[in-house]
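1. Compute the structure for the input listed below.
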Amino acid sequence: MPYTILMIASTSFFSDYGNHVRIWEETKALQKRGHRLVLATYHNGDDMPGIDIRRSWDVPWIKRAVVGSSRHKLYLDLGLGWRALRTALAERPTLIHAHTHEAASIGVALKHTLKLPLVLDYQGSMTSEMLDHGFVKKHSPLFVPLTRLERFINRQADAVMTSTHNAATLLLRDGAVAPERCMPSSIASIPSASGPSMVRRSGSSSATSYAHSLASRPSRVSSSISACSLPIRAQTVLLDAARL
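-> All right, here's what the predicted structure looks like:
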């Protein structure tokens with residue numbers, strides 16, 4: 001059954017780097033399967049042909065792509081949440097597909113407000129990224145609350161998709177997704193470039209069937225390459241190849 005999907009991406013889509021290539025490839029795959037997709041994202045970034053993009057309110061002093069943890073994301077995500085809510089009320093989507101934990105936090109609010117299933121496209125630990133970027137320290141009083149928030153978001157999702165088999169294993173091992181809500185048969189070792197792995201919760205059947213459908217999508221990009229791990233120049237070459 002075709003879905004109307006509200007995809008939320010807390011990033012400056014589109015820019016030439018790995019996460020955006022993943023979002024773009026997923027949107028094209030979903031459209032080929034007959035689904036209608038609306039993408040809510042930040043105010044800046046390139047428009048891509050064939051994608052219905054709804055941008056958050058304009059922030060004139062930020063023109064470059066916002067990558068990784070940043071204090072600017074506090075108000076950027078507030079604007080994105082406003083846009084996502086407006087879009088959800090106007091389009092009445094079947095489900096929400098959130099890229100990153102920041103987007104998923106918006107998705108959690110919409111899930112409970114509008115009674116919609118939520119799919120988390122897991123692209124790594126939120127708190128680990130904050131540590132890597134020096135946004136927070138392990139001894140900071142914010143670290144434990146942020147870790148708990150990340151785990152809460154993971155458990156709120158009706159389906160969690162990961163770009164690697166290892167990420168799915170870590171989520172289960174660390175208890176980030178409750179074992180009683182996971183189905184071991186739903187974890188597939190499919191690399192990022194050809195489709196996500198998935199940790200499934202015993203929640204919405206529409207979310208899990210949707211995630212299964214996306215996980216099995218074909219791709220023209222080599223399955224031996226993970227775009228997210230490539231340097232910017234190599235990602236651009238990969239992106240040009242995918243356009244062919």
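2. Can you read off the backbone torsions of Val38?
-> For Val38, the backbone dihedrals (degrees, to the nearest 10) come out as phi -120, psi 130.
3. Let me see the contact set for it.
-> For Val38, the contacting residues are Thr4, Ile5, Leu6, Met7, Asp52, Arg54, Thr87, Glu91, Pro93, by CB atoms under 8 Å, 6 or more residues apart in numbering. (Each C-beta comes from the backbone N, C-alpha and C, glycine too.)
4. Next SSE downstream of the lengthiest helix in the chain?
-> Secondary structure of the chain per DSSP state H: the longest helix is helix 73-91. Once helix 73-91 ends, the next helix or strand along the chain (criterion: DSSP states H and E) is strand 95-99.
5. so what secondary structure elements neighbour that next one?
-> strand 4-9, helix 18-32, helix 100-114, strand 118-122, helix 205-215 (3 or more CB pairs under 8 Å, 6 or more residues apart in numbering; DSSP states H and E).
6. List the buried residues for stretch 152-163?
-> Using 16 or more other CB atoms under 10 Å as the test for burial, stretch 152-163 gives Ile153, Asn154, Arg155, Gln156, Ala157, Asp158, Ala159, Val160, Met161, Thr162, Ser163.
7. of these, closest to Thr113?
-> Distance ranking of the buried residues of stretch 152-163 against Thr113, using CB to CB, places Gln156 first at 12.8 Å.
8. Look up how far Ala98 lies from the closest residue to the closest one other than its chain neighbours.
-> Sequence neighbours aside, Val108 is the residue nearest to Gln156 in space, at 4.7 Å (criterion: CB to CB, 6 or more residues apart in numbering). Computed as CB to CB, to the nearest Å, the Val108 to Ala98 distance reads 8 Å.
9. Likewise for Trp57?
-> 19 Å.
10. In terms of neighbours, single out the busier of these two.
-> Set side by side, Trp57 and Ala98 show more neighbours around Ala98, with 28 against 13, by other CB atoms under 10 Å.
11. dump the residue contacts of the more buried one.
-> Ala98 touches Met7, Ile8, Ala104, Ile106, Gly107, Leu118, Val119, Leu120, Asp121, Ala157, counting by CB under 8 Å, 6+ apart.
12. Would you confirm that His101 contacts Ile153?
-> Yes. Between His101 and Ile153 there is a contact under CB atoms under 8 Å: 5.2 Å.
13. list residues touching both of those two?
-> Contact with both His101 and Ile153 is made by residues Leu120, Met126, according to CB under 8 Å, 6+ apart.
14. picking up where we left off before, export the longest helix of the chain as CSV, just CAs?
-> Extracted in CSV, the C-alpha atoms of helix 73-91 (Å, rounded to 0.1, in the frame of the first residue of the first chain):
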residue,chain,number,x,y,z
LYS,A,73,21.0,23.7,16.0
LEU,A,74,19.1,24.6,19.1
TYR,A,75,17.1,27.3,17.2
LEU,A,76,17.4,25.6,13.8
ASP,A,77,15.7,22.5,15.2
LEU,A,78,13.0,24.7,16.8
GLY,A,79,12.3,26.1,13.3
LEU,A,80,12.4,22.6,11.8
GLY,A,81,9.9,21.4,14.4
TRP,A,82,7.5,24.2,13.5
ARG,A,83,7.8,23.4,9.8
ALA,A,84,7.4,19.6,10.4
LEU,A,85,4.2,20.3,12.4
ARG,A,86,2.7,22.6,9.8
THR,A,87,3.5,20.0,7.1
ALA,A,88,2.1,17.1,9.0
LEU,A,89,-1.2,19.0,9.7
ALA,A,90,-1.5,19.9,6.0
GLU,A,91,-0.4,16.6,4.5
